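S.K.: Predicted structure and sequence below. I'll ask about it afterward.
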Amino acid sequence: MLTENAVIERVHLDTPIYMTGLSLVSSGLPPAFESLGLLWDRFHNNGSIPYTVDPPVEIGVSINNKDYLVGCQTFIQGQGSGLTSFTIPVGDYIKGSFSAGSFGELVDERLQTIWEDISRWAGEHGIVLSDSFSVEVYPQNTVDLERPEMYCLCPIKGTDL
């Protein structure tokens, strides 16, 4: 495993997770990796999102390599002016949970390797992953911990999605 202290497991979401935020495609930013940080900056400067869960949970969603969404988990589905929404549907996922010595290390080094770990783990367990979307989940109550934590979800192909 490349990601130190990572936990990879199969999970089932019994209820959908709703998120509201910004879309890279509709942001006017170029479709490049460098734009993702700028999109997160815009989200953080955007003001409050209605119906946000407490404690806050920020979410990044990569949609079939066609769009990237940044936002936060909300209680209800929907969007406000200039915002987009996404529903992480009920179904089976591979979840990779991990921590790091700092938030920068968490989102730079560890986030890069967890996807490789998830893919390898799924292959070793005979699981085919869907390429429809993938999710990064940042529980904000862990950001200031000595070891910030987050997890990623990748849907399993052919499940209830």
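M.R.: Perfect, thanks for sending it.

S.K.: Mind listing residues that contact the helix or strand of the chain with the lowest mean pLDDT?
M.R.: Of all helical and strand segments in the chain, the minimum by mean pLDDT, DSSP states H and E falls on helix 103-105, at a mean of 83. By C-beta atoms under 8 Å, 6 or more residues apart in numbering, the surrounding residues in contact with helix 103-105 are 143, 148. Where you see a C-beta, it was placed from the backbone N, CA and C, and this is true even at glycine.

S.K.: burial measure for Val57, as a count.
M.R.: For Val57, the tally of surrounding residues (other C-beta atoms under 10 Å) stands at 20.

S.K.: The closest residue to it other than its chain neighbours bridge partners, please.
M.R.: Using C-beta to C-beta, 6 or more residues apart in numbering and skipping residues adjacent in sequence, the residue nearest Val57 is Gln73, 4.1 Å away. Beta-bridge pairing of Gln73 under DSSP bridges involves Met19.

S.K.: Was I right to think Gln73 contacts Tyr18?
M.R.: Yes: contact between Gln73 and Tyr18 holds when scored by C-beta atoms under 8 Å: they sit 6.7 Å apart.

S.K.: Among those two, which residue is more densely surrounded?
M.R.: Gln73 (24 against 21).

S.K.: Which of the helices or strands spans the residue positioned nearest the centre of the chain?
M.R.: When C-alpha atoms, centre = their mean is applied to the chain, the residue found nearest the centroid is Glu136 (1.7 Å). For Glu136, the host element (DSSP states H and E) is strand 133-139.

S.K.: The lengthiest helix in the chain versus strand 133-139: what angle between them?
M.R.: Ranked by number of residues, the top helix in the chain under DSSP state H is helix 111-124. Put simply, helix 111-124 runs at 130 degrees to strand 133-139, going by axes from the mean of the first three to the mean of the last three C-alpha atoms, to 10 degrees.

S.K.: For helix 111-124, give me every contacting residue.
M.R.: 1-3, 6, 8, 94, 96, 98, 128-129, 134, 136, 150, 152, 154, 156.

S.K.: and if you look at stretch 23-36?
M.R.: Under C-beta under 8 Å, 6+ apart, the answer for stretch 23-36 is 38-39, 42, 60, 66-70, 84.
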